[in-house]
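Visitor: How does the following fold in three dimensions:
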Amino acid sequence: MEKKKSRVLIVGATGKLGHELAKASLNFSHPTFALVRETAFADPNKLVKIHSLSHAGVTLLKGSLQDEESLIEAIKKVDVVICAVSSTQVPDQKMLIQAIKKAGSINGHSVLNKMP
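Guide: I've put the predicted structure just below:
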């Protein structure tokens with residue numbers, strides 16, 4: 001019997017590292033979700049990545065690290081959270097950690113990735 005694949009949320013999927021992590025997650029056949037800020041759709045470079053991920057099968061979820069409600073809603077859909085935000089956004093991860101605790105659906109399988 002094949003083990004059920006983890007549902008993976010990538011925060012920062014429009015960045016270089018996050019985009020590669022999202023593609024890798026898909027390559028390993030994990031249902032993959034990307035939390036995407038509304039402003040990313042107005043950035044031509046990010047929009048190319050958004051379309052690429054969407055066409056590859058990533059489920060796009062609108063939200064941000066500053067919006068606890070959108071974080072909780074996204075986290076409840078997944079088993080694993082990977083945060084690949086830039087170093088300037090590292091302090092914003094505090095709300096993500098709080099949302100993970102409030103959502104109660106992640107059981108020690110969260111991955112927070114800080115870029116140096």
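
Visitor: for Leu9, phi and psi?
Guide: phi -110, psi 130 (degrees, to the nearest 10).

Visitor: oh sorry, the question was meant for Leu35
Guide: Leu35 adopts backbone torsions of phi -80, psi 120, taken as degrees, to the nearest 10.

Visitor: wait, it sits on Gly15?
Guide: No: counting by C-beta atoms under 8 Å, Leu35 does not reach Gly15; the two are 11.8 Å apart. Any C-beta I mention is one placed from the backbone N, CA and C, and that applies to glycine too.

Visitor: Which one of the two is surrounded by more residues?
Guide: Legend: neighbour count by other C-beta atoms under 10 Å for Leu35 and Gly15, higher for Leu35 (28 against 19).

Visitor: Would you enumerate the residues in contact with that one?
Guide: Leu35 sits next to 9-11, 13, 61-64, 70-71, 74 when contact means C-beta atoms under 8 Å, 6 or more residues apart in numbering.

Visitor: Low-confidence regions, this protein specifically.
Guide: Across the chain, the ranges flagged by pLDDT under 70 are 1-2, 107-116.

Visitor: For this structure, just list every one of the helices.
Guide: Ranges of helices in the chain, per DSSP state H, are 16-27, 44-56, 68-75, 93-103.

Visitor: how far away is Ala74 from Arg7?
Guide: 11 Å (C-beta to C-beta, to the nearest Å).

Visitor: same question, Val80
Guide: 7 Å.
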